[in-house]
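*Asks:* prediction below, plus the sequence it came from.
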Amino acid sequence: MDVTRQRRVVLAHLGMEFHWEESISFARALRDAGMEVIYLGSELPEGIVQSAIQEDADVVALSTFSGDHMTLGPRVVKLLLERGAGDITVVLCGNISSGEIAGLKEKGIADAFGPGTTLERIVACIKGGER
């Protein structure tokens, strides 16, 4: 990664969700940590991947509360790999149980954060990851 360029994060709701208040706080925390945030709102995996590639993202941060993250999150990773963009890190935040995290990591999610995780911890993970 070019050290003079801000880390670019594509932030999206995974699937058709509308919990935007948390995402705005998350986007501000990433911005305040010196990252550039491209906020997509609610998107399906294909749209998220297309935007991440077009925006030359370093990270895709997915927010989910619908319960379909075990399918849709790994689908984002799979599509990135298929399109030659497997170097884009994918993290998942939301209604994720601690028992699901290992399975998500096995499917290519770099990290997953469930209820009660602080914004500071999530931002530190995203900021510290290398492309």
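*Replies:* Right, received. Where do you want to start? Numbers count the residues shown, from 1 in each chain.

*Asks:* any weak-confidence spans in this structure?
*Replies:* Applying pLDDT under 70 to the chain flags the ranges 1-4, 16-21, 67, 70, 129-131.

*Asks:* grab the nearest non-local neighbour of residue 35.
*Replies:* residue 7 (4.5 Å; Cβ to Cβ, 6 or more residues apart in numbering). Quick note: C-beta positions are derived from backbone N, CA and C, even for glycine.

*Asks:* equivalent analysis for residue 61, please.
*Replies:* Closest residue to residue 61 apart from its sequence neighbours, by Cβ to Cβ, 6+ apart: residue 11 at 4.8 Å.

*Asks:* helix or strand: which one has that neighbour?
*Replies:* Using DSSP states H and E, residue 11 maps to strand 8-14.

*Asks:* and that strand, what's buried?
*Replies:* Going by neighbour count (16 or more other Cβ atoms under 10 Å), the buried part of strand 8-14 is 8-14.

*Asks:* who's the residue nearest to residue 61 bridged to?
*Replies:* Beta bridges link residue 11 to residue 39, residue 61, judged by DSSP bridges.

*Asks:* that one against residue 25, yeah?
*Replies:* No. Applying Cβ atoms under 8 Å, one finds residue 11 not in contact with residue 25, separated by 11.2 Å.

*Asks:* the protein: strands as residue ranges?
*Replies:* In the chain, the strands defined using DSSP state E lie at 8-14, 36-43, 59-64, 89-94, 111-113.

*Asks:* in TSV: the ones you listed, plus distance to residue 81.
*Replies:* As requested, the strands of the chain are exported to TSV (distance: least, Cβ to Cβ, whole Å):
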stretch	distance to residue 81
strand 8-14	16
strand 36-43	18
strand 59-64	13
strand 89-94	10
strand 111-113	18
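
*Asks:* quick one: which of those strands is nearest residue 103?
*Replies:* Nearest to residue 103, of all the strands of the chain, is strand 111-113, at 9.2 Å by Cβ to Cβ.
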